[in-house]
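Novice: please find the sequence and the predicted model below.
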Amino acid sequence: MRVTKGLVAGLWAILLAAPAMGQDLKALEQRLKDQERRIAELEALQSDQRLKDAQKEEVIKLINEINADAAKKGGSMPSWLKDLKFKGDFRLRYEGQSTTSAADAVSPKDRNRARFRLRFGFIKTFLDKEMEVGFRLASGDTSAADGRTIGSGATSTNQTMTDFFSEKSIWIDLAYAKYTPKSVKGLTIIGGKMATPLVHTDLVWDSDVNPEGFFAQYEAPFFGDVKPFVSTGYFLVQESGGGHDTILMTYQAGVDWAVAKDVGGVIQDLGFTTALAYYDYDHMNSLNTGAVNATRGNMHRNGSDLLARKFQMINWTTKMKFKALGLKWSPYFDIVHTCGNEDVDPRFDNQSNGFALGFNLGENKKKGDWSLGYKYARIESNCTVGAFNDSDFGHSNRKGHVFRGTYNLTDDLTIGASFFWTEPVTTDPSNGLVDDQRTCLVQADLVWKF
């Protein structure tokens, strides 16, 4: 009886559980279908990834083939763009000037100017780098040394912000060809409008002056660290259609000597350059076109004839460079004497000599670099051509001090300041000179190189 009851209870349990088991089977079947669909999706994704990987490999292969083909042809750029370099700079400047003469000693004359300078150009080398051709354009006010509106003048590329927002001018600042043949090592030949190629300071040549003509130099490569050199130049100052041309012949000899890598563990990379130059100007009266300012401190007679009409100048320049205390030092000394001072008036005696000495400390190559500079100069009226030497200093017939400082905000951006304190060497009112005031000049610069 008990067995019968147990069988009956088991049958009822099976019957009651049957619907639940059916539901579990359906759920299992659905899960199997979902897994099959997911597997199919994963297989499709895997196949798509393999396709993408294959496409990527094909693209990389194509790029490599293009690069290899370009390398065989010497690059994908046109051949004339090879070895072509672009460079330039932009400068913003505040300039404040205070001048005092004997006539207005109590009330100095002040002048404040906002100025800018823009320079840019290209340099191209070819013939296995034996030939270099370059040009540069630059800004500049449209007034020459004598006041004519024919160009910016040789000693400045500054453009003053003025003239009712008018367009500003751009001039040809450099245009030259330079040849350095490998067959004659040490020979350099230049023609055109070039950066001043002689060893010099701004006692004779302002940094903005780029003479025009022809120049050749030979530096002997046979003596190791001692490199003697000689040079000659033929420069056209003023061409005259109906009279004598004003020309400049230059002759220079010197030596560039890398003295020692180390001196007593205190001085490193000691070297110096010294050179003796002879400048022979001919028919210099063309500089004096009836405007006294054109002479830039050079004496003249009756507003016409320059007293040193030939300017036969002897110029000795010595520059040193070395590192000490972790800093770069660059002291220099420069003297000039004119042999062509024709005046015998005792009022103008001893006006044929000039000198400058100074130093630069530090350098400006990368962010955080700084430099300082100092110069003292005494430039008598007839010792050098006033139209071509340092315009910020006041050209010739000036003496005084210059202080400078520059700091690199970035590798290509610098901020700097300069201070000039100058006065005339001679103030004799009968000498025909103007602008003989004592001058204080302050310049603040922001320069970006590109």
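Specialist: Yep, that arrived.
Novice: burial of residue 37, as a residue count?
Specialist: Look at residue 37: counted by other CB atoms under 10 Å, it has 10 neighbours. No exception for glycine: its C-beta is placed from N, CA and C like everyone else's.
Novice: sec struct for it, please.
Specialist: Following DSSP: H, G, I helix; E, B strand; the rest coil, we place residue 37 in the helix state.
Novice: if I look at it, how far off is residue 253?
Specialist: Between residue 37 and residue 253 the distance, using CB to CB, to the nearest Å, works out to 94 Å.
Novice: likewise residue 414?
Specialist: Applying CB to CB, the value for residue 414 to residue 253 is 35 Å.
Novice: what do you get for residue 403?
Specialist: Going from residue 403 to residue 253 by CB to CB gives 33 Å.
Novice: before we move on, what about residue 126?
Specialist: 31 Å.
Novice: and for residue 88?
Specialist: For residue 88 relative to residue 253 (CB to CB), the value is 34 Å.
Novice: domain parsing for the protein?
Specialist: Domains of the chain are assigned by automatic domain parsing as 1-76, 84-449.
Novice: which of the ones you listed sits most buried?
Specialist: Most buried of the domains of the chain, by mean neighbour count (mean count of other CB atoms under 10 Å): domain 84-449, with a mean of 17.
Novice: rounded mean pLDDT for that one, please.
Specialist: Domain 84-449 shows a mean pLDDT of 87.
Novice: show me how far it is from its chain's centre.
Specialist: Relative to the centre of its chain, domain 84-449 is centred 14 Å away, using CA atoms, centre = their mean, to the nearest Å.
Novice: got the end-to-end distance for it?
Specialist: Domain 84-449 has an end-to-end distance of 18 Å (criterion: CA to CA, to the nearest Å).
Novice: and residue 62, that one's in a helix?
Specialist: Yes - checked against three-state DSSP, residue 62 lies within a helix.
Novice: distance of it from residue 234?
Specialist: Remark: distance between residue 62 and residue 234 (CB to CB) = 58 Å.
Novice: give me the nearest residue to residue 125, chain neighbours excluded.
Specialist: Nearest residue to residue 125, sequence neighbours excluded (CB to CB, 6 or more residues apart in numbering): residue 83, at 4.6 Å.
Novice: can you give me the strands for the stretch 251-400 of the chain?
Specialist: Under the criterion DSSP state E, counting those that start in this stretch, the stretch 251-400 of the chain contains strands at 267-282, 300-301, 305-306, 312-324, 327-338, 353-362, 370-379, 398-408.
Novice: Throw those strands into CSV and include distance to residue 207, thanks.
Specialist: Converted to CSV, the strands of the stretch 251-400 of the chain look like this (distance: least, CB to CB, whole Å):
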stretch, distance to residue 207
strand 267-282, 17
strand 300-301, 26
strand 305-306, 24
strand 312-324, 14
strand 327-338, 14
strand 353-362, 13
strand 370-379, 13
strand 398-408, 12
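Novice: if we compare the ones you listed, which one ends up closest to residue 120?
Specialist: Closest to residue 120 of the strands of the stretch 251-400 of the chain, according to CB to CB: strand 398-408, at 20.8 Å.
Novice: elements contacting that closest one?
Specialist: On a contact count with 3 or more CB pairs under 8 Å, 6 or more residues apart in numbering; DSSP states H and E, strand 398-408 meets strand 370-379, strand 413-424.
Novice: and the direction of the very next helix or strand once past the longest one versus that of strand 398-408, what angle?
Specialist: By that I understand strand 413-424. Counting by DSSP states H and E, the next helix or strand C-terminal to strand 413-424 is strand 438-449. Going by axes from the mean of the first three to the mean of the last three CA atoms, to 10 degrees, strand 438-449 is angled at 30 degrees with respect to strand 398-408.
Novice: quick one: contacts of strand 438-449?
Specialist: 87-101, 392, 394, 400, 412-424 (CB atoms under 8 Å, 6 or more residues apart in numbering).
Novice: quick one on the thing from earlier: what's around the residue nearest to residue 125, how many residues?
Specialist: By other CB under 10 Å, 13 other residues sit near residue 83.
Novice: what sits against it?
Specialist: Neighbour list for residue 83: 124, 125, 126, 129 [criterion: CB under 8 Å, 6+ apart].
Novice: let's go with 7 Å and repeat that
Specialist: Counting by CB atoms under 7 Å, 6 or more residues apart in numbering, residue 83 touches 124, 125, 126.
Novice: before we move on, what about residue 252?
Specialist: Neighbouring residues of residue 252 by CB under 7 Å, 6+ apart: 198, 199, 231, 275, 276, 277.
Novice: reformat those residues as TSV; add distance to residue 439.
Specialist: Output for the contacts of residue 252, formatted as TSV (distance: CB to CB, whole Å):
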residue	distance to residue 439
198	28
199	29
231	35
275	31
276	32
277	29
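Novice: given the helix or strand that contains residue 229, what are its sheet partners and their directions?
Specialist: Per DSSP H and E, residue 229 falls inside strand 226-238. Taking DSSP bridges as the criterion, strand 226-238 forms sheet pairs with strand 212-219 (antiparallel), strand 246-263 (antiparallel).
Novice: now the ones you listed as TSV including distance to residue 227?
Specialist: Output for the strands paired with strand 226-238, formatted as TSV (distance: least, CB to CB, whole Å):
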stretch	distance to residue 227
strand 212-219	5
strand 246-263	5
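Novice: of these, which is nearest residue 26?
Specialist: Closest approach to residue 26 among these is made by strand 246-263 (92.5 Å; CB to CB).
Novice: and the angle for that closest one with strand 267-282?
Specialist: On the basis of the same axes, to 10 degrees, strand 246-263 is oriented at 170 degrees to strand 267-282.
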